[in-house]
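1. Provided below are the primary sequence and the corresponding predicted coordinates.
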Amino acid sequence: MQPTETISDTPTAHPVQWHRPTASPAAASAPSGGEWTVQAIQELLDLPFMDLLWRAQAVHRQHWPAGDVELATLLSVKTGGCPENCGYCPQSAEFDTGVKAQKLMSVDEVTTAARAARDAGATRFCMGAAWRAPKDRDIEKVGELIAAVKGLGMQTCATLGMLEPHQAQALRGAGLDYYNHNLDTAPEYYTDVVSTRAYQDRLDTLRHVRDAGINVCCGGIVGMGEAPVHRAGLIAQLANLAPYPESVPINSLVRVPGTPLADSEPVDPFDFVRVIAVARITMPRARVRLSAGRQQMGEAVQALCFMAGANSIFYGDKLLVTGNPDVEADVQLLAKLGLNGRQVASTDTHDLHGAVAHA
């Protein structure tokens, strides 16, 4: 007699195996020869989206505390009337955008705004003035604004246009911590965006800022009609500065009616996140700032940007003359994501390589 076969309703359990990657994503991202080529950066941008984010997050975790986000506020202290023709900028005197030229704000006005920003949680206060290149008397007045903001215990940043060496030294003497001067895009695409200055003018100003011992804030804009290779070229320029910038703002073009770029095709949100991720991989110890264009992104895209390595935002209701998510919305978003606004002392410069080197 044959034995009776018993059929069990309980499925057979199989052990689960975790397949670890063969190499560290951070180690795999390092360039050979010490410089990032446009081709190497393009290869990063072309990675499968999830692979790129995984690699960027691994680099980020190696160099920054989890959940660390710097809160900065930007104030236009002198609005409009700029003689430049930057195709994205509503403050150019050449474009009819409804922005009226105004005089430099007073010390009391700037101090009041900075105090409000500090009380709302911002730790860095950035002052922007619509000049092509400030005159020496302008530098003296801005120096008073810098001293007033420093007196509130905040980090100071300024973006005033092109600087001469002695002007950069004067700003440093006034206590300026950071100077913002963006490269905007790749060198070969630059003349499609602006013709009133040369790319080398921007690089010269960055060198003067470094020579003066001021930290560099320098990034660019995505969505100005550039090709993917131009985005790779921008990141190559930034990453190969010696040292690379301490702060790297990545902006999504805000299309302002009246500007030449108002009808530009909106950048794909995933392509924007890719740029954030590659900026993090190539400049691991920089503050990568999720900057202009956040108002149009929505919470989900912003969350992906933080996942890709962004760890700084502009905080407040306006960026110079364009809108920005309000403070309460940012507080709620950071809470949803378990992120913490970073409280820093005014002397914290987060030097990249131990000593400030020249660009």
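-> Structure's in. What do you need?
2. the strands in this protein, which residues?
-> Under the criterion DSSP state E, the chain contains strands at 68-78, 124-129, 155-159, 178-180, 215-217, 220-222, 247-252, 287-290, 312-314, 318-319, 322-323, 340-342.
3. Would you enumerate the residues in contact with the residue most central in space within the chain?
-> The residue lying closest to the centre of the chain (C-alpha atoms, centre = their mean) is residue 249, at 1.2 Å. By C-beta atoms under 8 Å, 6 or more residues apart in numbering, the residues touching residue 249 are 180, 182, 217-219, 289, 291-292, 312, 314. (Glycine included, C-beta is placed from N, CA and C.)
4. Which of these sits closest to residue 306?
-> Of all these, residue 306 sits closest to residue 312, with 10.2 Å by C-beta to C-beta.
5. in the stretch 1-150 of the chain, which spans are helices?
-> Assigned by DSSP state H, counting those that start in this stretch, the stretch 1-150 of the chain shows helices spanning 25-28, 38-45, 49-63, 107-119, 136-150.
6. Let me know how buried residue 64 is, in neighbour terms.
-> For residue 64, the neighbour count with other C-beta atoms under 10 Å is 19.
7. Mind pulling up the pLDDT for it?
-> With respect to pLDDT, residue 64 scores 92.
8. Next one: the closest residue to residue 278 other than its chain neighbours from residue 36, what distance?
-> Nearest residue to residue 278 in three dimensions, chain neighbours excluded: residue 44, at 4.8 Å (C-beta to C-beta, 6 or more residues apart in numbering). Separation of residue 44 from residue 36 (C-beta to C-beta, to the nearest Å) stands at 9 Å.
9. hey, what's in contact with both of those two?
-> By C-beta under 8 Å, 6+ apart, residue 44 and residue 36 have these common neighbours: residue 282.
10. Please verify my assumption that residue 78 contacts residue 102.
-> Yes. Look at residue 78 against residue 102 with C-beta atoms under 8 Å: they come within range, at 6.7 Å.
11. and these two? which has more neighbours close in?
-> Neighbour count, other C-beta under 10 Å: between residue 78 and residue 102, residue 78 has more, with 22 against 13.
12. Quickly list what the more buried one is bridged to.
-> With DSSP bridges as the criterion, residue 78 is bridged to residue 129.
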